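[1] Test case, fold it:
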Amino acid sequence: MIEVVRRRPVDEPPEQLWALIEPVERLPEWFGFAERAEHLEGSGVGRRQRIHGRWGNKESEVDQRVTRYEPGRVLEWVHEAERLEGAPAPKFARSTTLTIRLEPVAGGTVVSLESRQEPASIARGLVLRTMGRREVKRRLASSLERLAELARR
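    Predicted structure coming up:
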């Protein structure tokens with residue numbers, strides 16, 4: 001399992017942050033992997049959504065399903081399908097999960113972004129560890145900064 005966790009305190013209450021995090025349509029405002037996002041169906045656990053972005057110089061689409069939903073506290077999704085340039089993406093991870101946690105603290109909230117990937121093979125795991133992890137760390141850290149800035153406005 002390859003895990004990347006980034007945390008950041010934000011000077012806003014969890015309820016205010018939840019209003020920026022929960023609606024899938026707001027993801028492009030702060031989430032570094034999403035240039036565009038759409039709600040496909042459902043709500044809460046089982047909701048399906050799609051994010052559009054870029055991986056390297058290629059257009060990407062990721063279909064996701066919400067697997068954990070605790071209003072104001074936790075939003076988690078798994079990748080159901082990944083595409084690059086409209087075609088199925090190479091399968092580097094057997095599974096990918098992203099968890100967003102909001103922990104109330106005095107004066108605000110600690111926001112955690114947690115990415116977990118189970119490599120599809122030993123060789124693919126090496127690629128994920130050496131190249132993919134660096135990019136995921138960068139994008140998660142950037143996402144937290146953008147979320148904090150958006151919350152301040």
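[2] Which strands or helices does the lengthiest helix in the chain pack on?
    Using DSSP state H to define each element, the chain has its longest helix at helix 133-152. Helices and strands touching helix 133-152, as assessed by 3 or more CB pairs under 8 Å, 6 or more residues apart in numbering; DSSP states H and E, comprise strand 2-10, helix 14-21, strand 108-119. Bear in mind the C-beta positions are built from the backbone N, C-alpha and C, glycine included.
[3] Now render these as a markdown table, adding mean neighbour count.
    What follows is those, written out as a markdown table (neighbours: other CB atoms under 10 Å):
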| stretch | mean neighbour count |
| --- | --- |
| strand 2-10 | 16 |
| helix 14-21 | 17 |
| strand 108-119 | 19 |
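[4] pLDDT of the longest helix of the chain, averaged?
    Averaging pLDDT along helix 133-152 yields 92.
[5] same check, this time on stretch 23-37
    Rounded mean pLDDT across stretch 23-37 is 96.
[6] quick one on the thing from earlier: which residues touch the longest helix of the chain?
    Outside helix 133-152, the residues that touch it by CB atoms under 8 Å, 6 or more residues apart in numbering are 2, 4, 6-8, 10-12, 16-17, 20-21, 29-33, 111, 113, 115.
[7] buried ones in it?
    If you call a residue buried by 16 or more other CB atoms under 10 Å, then helix 133-152 has these buried ones: 133, 136, 139-141, 143-144, 147-148, 151.
[8] any idea which of the residues you listed is closest to Pro88?
    Sorting the buried residues of helix 133-152 by distance to Pro88 puts Val136 at the head of the list, at 20.4 Å, by CB to CB.
[9] Roughly how far does that closest one sit from Glu145?
    Noted for Val136: a distance of 15 Å to Glu145, by CB to CB, to the nearest Å.
[10] do Gln117 as well
    For Gln117, the distance to Glu145 - CB to CB - is 23 Å.
[11] show me where pLDDT drops low in this protein?
    When the per-residue scores of the chain are filtered using pLDDT under 70, the ranges that remain are 123-129, 131.
[12] Great, nothing more from me.
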